[in-house]
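Participant: Make a model of this:
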Amino acid sequence: VCNCTWVVLAVAPWAVRSEQLWVSVCTDESTKRMPFCDTTLDVDTRAADYVKRLPDDLKPGMMSNGASAVPSLNIPMYQWGSEGLHGPEQPCVTDPLSNVTKCPSSFPAASATATSYNDTLFKLIGQAIGVEARAINNLRNHTTQNVYGDGLDYWSPTVNMQRDPRWGRNQEVPGEDPVLSSRYAENYIHGIQGGEDTSHVKIIATCKHFIANSLENWTGVTRHNFNAIVPADDLADYYSVAFKACVTKGEALGIMCSYNAVNGVPMCCNSKWLQGTLREAWNFSGYVTSDCGAIENIYKEHKYTKDGPSAAAVSVKAGTDVDCGSVYKNSLGAAVKKSLVTVAALDQALLRLTKMQMKLGLFDPKASQPYFNYGIDKIDSTEHQSLALDAAKQAIVLLKNEGGVLPIKPGKTVAVVGPHMDATVDLISNYHGSRCVDRKFDCIETPFAAITKMNAGGKTIGALGCNVTGPTTAASLAQVVAVARAADVVVIMAGIDQTLERESLDRIETTLPPHQIELINTVLALRMPTVLVLVHGGTISLGPLKSSSPVIVDAFYGGEMAAAALASVLFGETNPSGRMAATAYPPEYVHEIPLTQMAMKVGPGRTHLYYKGTPEFKFGDGLSYSKFTTTLESPTAMTVVAAVSRRVTYSVTIAHAAGLPGKHTVLAMWRPVDTRIIPGLNQKLFDYGSVILQPGQSATVTFELNTHEALAVADSTGNKFLNPGDYDIFFLDGEAEVASSRLTVEGERRLVEEYTL
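Facilitator: Presented below is the predicted three-dimensional model:
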């Protein structure tokens with residue numbers, strides 16, 4: 001969806017509360033006794049009664065994201081579009097009683113949070129976003145701020161796949177692996193939708209962008225006209241997996257269809273996917289919104305239909321209920337008159353939309369609903385600040401630590417250099433709200449300030465050297481050399497920002513900008529103890545810097561507490577525990593396969609599942625300051641029958657052998673012993689787990705493998721089969737394979753899931 005931060009921030013930063021959203025609905029004498037206002041009736045009955053009373057001429061406008069009002073029923077306007085990828089994309093709000101102003105929290109970007117491999121954290125962040133979203137909504141002025149962001153439907157999470165490091169929106173998604181992405185989505189959704197009121201939904205989660213969407217604007221091809229040609233096996237095994245989890249496990253109530261076409265059909269009018277897969281095969285009962293402008297793209301960019309009325313008609317019939325745009329509003333009436341679509345089809349969409357509003361409690365009395373009474377104390381609370389710090393700490397990945405440079409002992413002279421040394425807004429990724437009351441971002445701590453604070457008794461000095469995209473000069477490099485030589489340790493804050501990767505902008509190269517490489521090499525030439533810190537969304541290719549840099553720390557976009565978390569890790573207050581959630585490729589990778597190639601196994605292959613080359617850093621890599629041992633207790637070997645689904649439990653003992661207390665994460669993987677069984681597949685993740693240990697402690701962690709769910713893979717038709725043969729079950733601890741087992745599948749090849757995509 002279009003980045004609408006500017007829309008949100010264009011409103012006054014202090015939104016004085018006038019009234020709760022839809023506070024007067026079902027309270028006036030003319031409507032309160034109508035069946036749609038009767039809370040003793042079920043939602044289906046109430047919604048049907050409401051829709052039958054709607055004037056036909058208003059229905060097209062009610063199916064736009066800025067839904068029109070229904071004066072005859074005293075129903076106000078409603079805004080379907082809001083965002084909350086890693087915090088509410090909302091303004092600061094002021095409580096009129098206390099005159100206290102609070103601003104929304106900003107947690108790490110999803111690409112960062114995913115490296116924690118922590119389902120509990122995923123859910124806690126979803127919960128916090130949902131709570132703050134409701135509180136902010138209660139304090140907005142719904143008369144003056146009825147714009148994008150005013151509703152209770154959040155177009156989050158983004159669960160497209162990090163299939164290629166060039167994609168500009170990699171920062172929004174939880175890595176490259178379908179299992180990890182699925183578990184992230186499931187837990188985030190339960191967090192944001194659920195809560196203390198079991199009768200109502202806190203915030204509707206809308207998974208986006210359905211489906212095979214991971215290109216913005218690359219060498220003349222844009223997301224608005226891209227036709228993603230995707231083989232059936234990749235659709236079944238890779239691109240659809242997280243979306244299926246959104247619906248079947250997370251129980252998301254919203255789905256956003258994407259701009260692109262899939263195999264020739266634009267997604268927002270793709271009945272095969274929206275009806276056949278989403279609603280029929282997966283039993284989705286929520287609503288579908290288009291991405292913003294996607295309905296218009298159907299006829300203007302894809303040339304799939306000839307005009308607005310025909311694009312609106314095919315989209316409604318395919319199952320797209322909301323048009324984020326103006327085509328429905330301007331053209332659906334004409335489509336009905338031309339018999340391109342029936343009023344009954346519009347009513348079906350409006351029934352779904354009304355049920356969502358009723359689940360949110362909009363048609364019910366507000367005084368008794370907890371969510372409508374959340375106040376200023378729920379926003380940017382001490383609890384949420386602590387969660388933001390903990391999440392940022394868990395998201396940091398230590399990739400290299402030669403010579404014991406880290407952790408740094410406080411009291412030394414530390415030089416901080418590089419373009420992100422004074423970063424603030426660059427640390428919080430895209431789709432963020434008004435983090436600071438003054439509408440600036442000076443309340444966000446910089447890495448230089450955080451390191452200075454952590455370096456108690458020492459001296460912290462700094463020199464920028466260059467901006468993210470700006471040049472180095474002889475004078476700027478000389479200044480960097482001077483502060484580096486005066487220090488005991490040098491921390492280089494390098495990376496990229498929204499000028500190089502963002503919505504509507506893909507990268508061409510995945511290396512650091514040349515002037516940053518020059519700065520880094522200048523420092524490394526001094527042969528000082530040096531720490532290279534990377535700030536980014538999509539993975540960075542380091543090239544020669546990988547071997548020449550003694551210490552590499554991947555910090556990603558860590559949110560409002562990114563700097564404090566980084567300093568905590570650098571100085572050993574926190575033991576790093578993150579694991580890479582996406583493959584870091586060598587620089588030449590981007591020249592070996594076009595971004596437009598959606599097939600996963602062609603050429604060099606994509607992701608840890610299929611990449612044929614040698615990555616700079618592997619999926620699952622991540623070091624700590626401690627030594628852990630991992631031992632497989634049981635089973636060391638097992639035989640199962642393909643025809644029967646079995647759940648196998650693997651018990652692994654993790655022991656803390658030396659070093660600082662810390663969290664240790666283990667990934668559970670499988671691969672076929674005979675690669676001919678599943679051509680092209682390297683390995684697959686089936687589970688992960690972690691434990692926090694003090695020195696000398698040990699604990700047992702269990703990993704679950706469902707043979708049909710985990711081991712079945714799609715063939716060229718898209719059907720998923722469990723193939724007989726031997727499989728290696730192995731475990732990754734961030735550095736290497738640490739334990740293994742053999743699983744033998746006997747019997748005939750078993751069809752596990754028929755292709756319905």
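Participant: residues near S331, how many?
Facilitator: 24 (other C-beta atoms under 10 Å). All C-beta atoms are positioned from the backbone trio N, CA, C, and that covers glycine.
Participant: Please verify my assumption that it contacts A311.
Facilitator: Yes. If you go by C-beta atoms under 8 Å, S331 and A311 touch, sitting 7.4 Å apart.
Participant: show me what contacts E176?
Facilitator: Contacts for E176 (C-beta atoms under 8 Å, 6 or more residues apart in numbering) come out as M161, Q162, R163, A581, A582, T583, R606, T607, H608, F619.
Participant: Let's see that with 6 Å instead.
Facilitator: Q162, A582, T607 (C-beta atoms under 6 Å, 6 or more residues apart in numbering).
Participant: and it, what element?
Facilitator: Using DSSP states H and E, E176 is not contained in any helix or strand.
Participant: For it, grab phi and psi.
Facilitator: Per-residue torsions, E176: phi -100, psi -10 (degrees, to the nearest 10).
Participant: What of W80?
Facilitator: phi -80, psi -20.
Participant: Report pLDDT for it.
Facilitator: For W80, the model assigns a pLDDT of 97.
Participant: could you dump the contacts of E176 to a markdown table with distance to Q79?
Facilitator: Formatted as a markdown table, those follow (distance: C-beta to C-beta, whole Å):
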| residue | distance to Q79 |
| --- | --- |
| Q162 | 30 |
| A582 | 34 |
| T607 | 37 |
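Participant: between these, which is closest to A657?
Facilitator: A582 (29.1 Å; C-beta to C-beta).
Participant: Let me see the mean pLDDT of stretch 401-409.
Facilitator: Averaged over stretch 401-409, pLDDT sits at 97.
Participant: I should have written stretch 526-533 there, sorry.
Facilitator: Per-residue scores along stretch 526-533 average to 98.
Participant: who touches it?
Facilitator: 405, 484, 489-493, 523, 549, 551-553, 555.
Participant: which among these gets closest to P91?
Facilitator: Out of those, the member with the shortest distance to P91 (by C-beta to C-beta) is A555, at 27.7 Å.
Participant: The closest one contacts A567, correct?
Facilitator: No. Using C-beta atoms under 6 Å as the test, A555 is too far from A567 to be in contact (10.6 Å).
Participant: For the helix or strand containing I520, buried residues please.
Facilitator: Using DSSP H and E, I520 maps to helix 514-524. With burial defined by 16 or more other C-beta atoms under 10 Å, the residues of helix 514-524 counted as buried are H515, Q516, I517, L519, I520, T522, V523, L524.
Participant: can you map out the helices along the stretch 351-500 of the chain?
Facilitator: 382-394, 447-454, 474-485 (DSSP state H, counting those that start in this stretch).
Participant: And for the stretch 1-150 of the chain?
Facilitator: 5-9, 43-52, 59-62, 110-113, 119-139.
Participant: Can you lay out these as CSV showing mean neighbour count?
Facilitator: Converted to CSV, the helices of the stretch 1-150 of the chain look like this (neighbours: other C-beta atoms under 10 Å):
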stretch, mean neighbour count
helix 5-9, 16
helix 43-52, 18
helix 59-62, 22
helix 110-113, 30
helix 119-139, 25
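Participant: Of these, which is nearest Y589?
Facilitator: Once these are compared by C-beta to C-beta, helix 110-113 is nearest, at 17.8 Å.
Participant: pLDDT value on the residue most central in space within the chain, please?
Facilitator: Closest to where the C-alpha atoms of the chain average out (C-alpha atoms, centre = their mean) is V173, at 3.3 Å. pLDDT, V173: 98.
Participant: Please look at it and P157 and confirm they touch.
Facilitator: No. Taking contacts as C-beta under 6 Å, V173 lies outside contact range of P157: 8.1 Å.
Participant: Tell me the helix or strand right after the host helix or strand of I692.
Facilitator: If you go by DSSP H and E, I692 is part of strand 684-693. The first helix or strand that comes after strand 684-693 along the chain, using DSSP H and E, is strand 698-706.
Participant: With just CA atoms, put the helix or strand following that next one into CSV.
Facilitator: Downstream of strand 698-706, the first helix or strand assigned by DSSP H and E is helix 707-711. C-alpha atoms of helix 707-711 as CSV (Å, rounded to 0.1, in the frame of the first residue of the first chain):
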residue,chain,number,x,y,z
THR,A,707,5.5,-35.7,9.0
HIS,A,708,2.7,-34.7,6.6
GLU,A,709,2.9,-31.0,7.4
ALA,A,710,6.6,-30.6,7.5
LEU,A,711,8.0,-33.1,5.0
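Participant: sorry, back to before: mind listing what the residue nearest to the centre of the chain touches?
Facilitator: By C-beta under 6 Å, 6+ apart, V173 lies in contact with A110, T158, N160, Q162.
Participant: Same check on S271?
Facilitator: Neighbours of S271 in contact, by C-beta under 6 Å, 6+ apart: A318.
Participant: Relative to N521, how far out is it?
Facilitator: To N521, S271 is 55 Å away according to C-beta to C-beta, to the nearest Å.
Participant: quick revisit: I'd like the helices of the stretch 1-150 of the chain laid out as TSV, including mean pLDDT.
Facilitator: Below are the helices of the stretch 1-150 of the chain laid out as TSV (pLDDT from 0 to 100):
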stretch	mean pLDDT
helix 5-9	31
helix 43-52	98
helix 59-62	98
helix 110-113	98
helix 119-139	98
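Participant: May I see the ones you listed organised as TSV, with distance to K249 added?
Facilitator: Output for the helices of the stretch 1-150 of the chain, formatted as TSV (distance: least, C-beta to C-beta, whole Å):
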stretch	distance to K249
helix 5-9	30
helix 43-52	22
helix 59-62	31
helix 110-113	17
helix 119-139	11
